[in-house]
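S.K.: Kindly return the folded structure for what I paste below:
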Amino acid sequence: MKPSHTDDLKNLLIGKRFGLLTIIGLHGKTMSGNLLWSCECDCGNTTNRNRRTLTDSPNLSCGCYHKHNHGVVTHGMSGTRTHGAWTSMKQRCQNPKFKSYHNYGGRGIKVCERWLVFGNFFEDMGECPPRLELDREDNDGDYEPGNCRWATSKENNRNKRKTVFVEFRGESKPLVEVAEMMGICRNVLKNRTKSGWDIETAVSTPINKRRKL
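M.R.: Residues are numbered from 1 along each chain as shown. Model prediction:
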């Protein structure tokens with residue numbers, strides 16, 4: 001029987017080290033379908049992380065690194081970018097008076113029970129790197145381990161519900177990304193695809209400056 005993609009990932013990742021964590025096995029999947037990997041920390045504790053968190057987060061540990069190096073006990077992180085991201089996440093999902101609630105809690109997006117406690121959120125996500133913000137990989141999924149990452153504002157904006165995606169050369173990509181890749185005005189590309197142009201013709205046809213199409 002041909003090995004599955006998950007089997008290939010197991011062979012690739014088990015035993016690999018990220019920060020203080022070493023992957024020891026596959027834990028399972030989140031409700032959003034993302035794989036969670038069981039990791040053993042140098043301190044002896046075990047924790048679960050998704051692949052994006054493992055590859056993108058600095059100073060990875062089970063949480064012990066931050067507790068020992070940042071004095072996180074009670075938690076002592078009010079006013080930090082990480083605590084601000086956690087607070088905003090809860091407001092979006094739980095406070096009907098919050099400006100963007102209707103795009104999150106208003107349409108059923110929740111914060112998982114574990115992340116209602118900041119210490120757990122911090123243990124799973126680590127410290128927010130400079131110039132990044134909290135983003136969900138599955139825009140219809142909840143805020144939970146396995147579905148969240150620290151992303152640039154540009155990546156985050158492209159993951160919004162209103163983002164227009166097109167099938168381009170075998171991949172689903174944001175229309176604005178295709179426009180940047182091919183060096184064409186995004187508004188022209190948007191107008192062309194809305195008018196029924198196929199994507200290859202839309203990106204390769206010179207712009208008629210008089211018609212802006």
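
S.K.: all contacts plus neighbour counts: C-alpha atoms, from now on.
M.R.: OK.

S.K.: Okay, now the sheet partners of the top strand by length along the chain, with direction.
M.R.: Using DSSP state E, we find that the single longest strand of the chain is strand 21-29. Paired strands of strand 21-29, with direction, are strand 17-18 (antiparallel), strand 35-41 (antiparallel) (DSSP bridges).

S.K.: Buried residues, it. List them.
M.R.: Neighbour-count burial for strand 21-29 flags L21, T22, I23, I24, G25, L26 (criterion: 16 or more other C-alpha atoms under 10 Å).

S.K.: repeat for stretch 42-56
M.R.: Here stretch 42-56 shows T46, T47, N48, R49, N50, T53, L54 as buried, counting by 16+ other C-alpha under 10 Å.

S.K.: Ok, stretch 93-100 next?
M.R.: C93, Q94, N95.

S.K.: Looks to me like K173 is in a strand.
M.R.: Yes. Assessed with DSSP: H, G, I helix; E, B strand; the rest coil, K173 lies in a strand.

S.K.: so what does the top helix by length along the chain touch, helix or strand wise?
M.R.: What stands out as the longest helix in the chain, according to DSSP state H, is helix 81-94. Counting contacts by 3 or more C-alpha pairs under 8 Å, 6 or more residues apart in numbering; DSSP states H and E, helix 81-94 packs against helix 118-125.

S.K.: Pull the helix it packs on out as PDB, backbone CA atoms only.
M.R.: Extracted in PDB, the C-alpha atoms of helix 118-125 (Å, rounded to 0.1, in the frame of the first residue of the first chain):
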ATOM      1  CA  PHE A 118      -4.000  33.400  29.100                       C
ATOM      2  CA  GLY A 119      -1.300  31.100  30.500                       C
ATOM      3  CA  ASN A 120      -2.500  28.300  28.300                       C
ATOM      4  CA  PHE A 121      -2.700  30.500  25.200                       C
ATOM      5  CA  PHE A 122       0.900  31.700  25.900                       C
ATOM      6  CA  GLU A 123       2.100  28.100  26.400                       C
ATOM      7  CA  ASP A 124       0.600  27.000  23.000                       C
ATOM      8  CA  MET A 125       1.500  30.100  20.900                       C
END
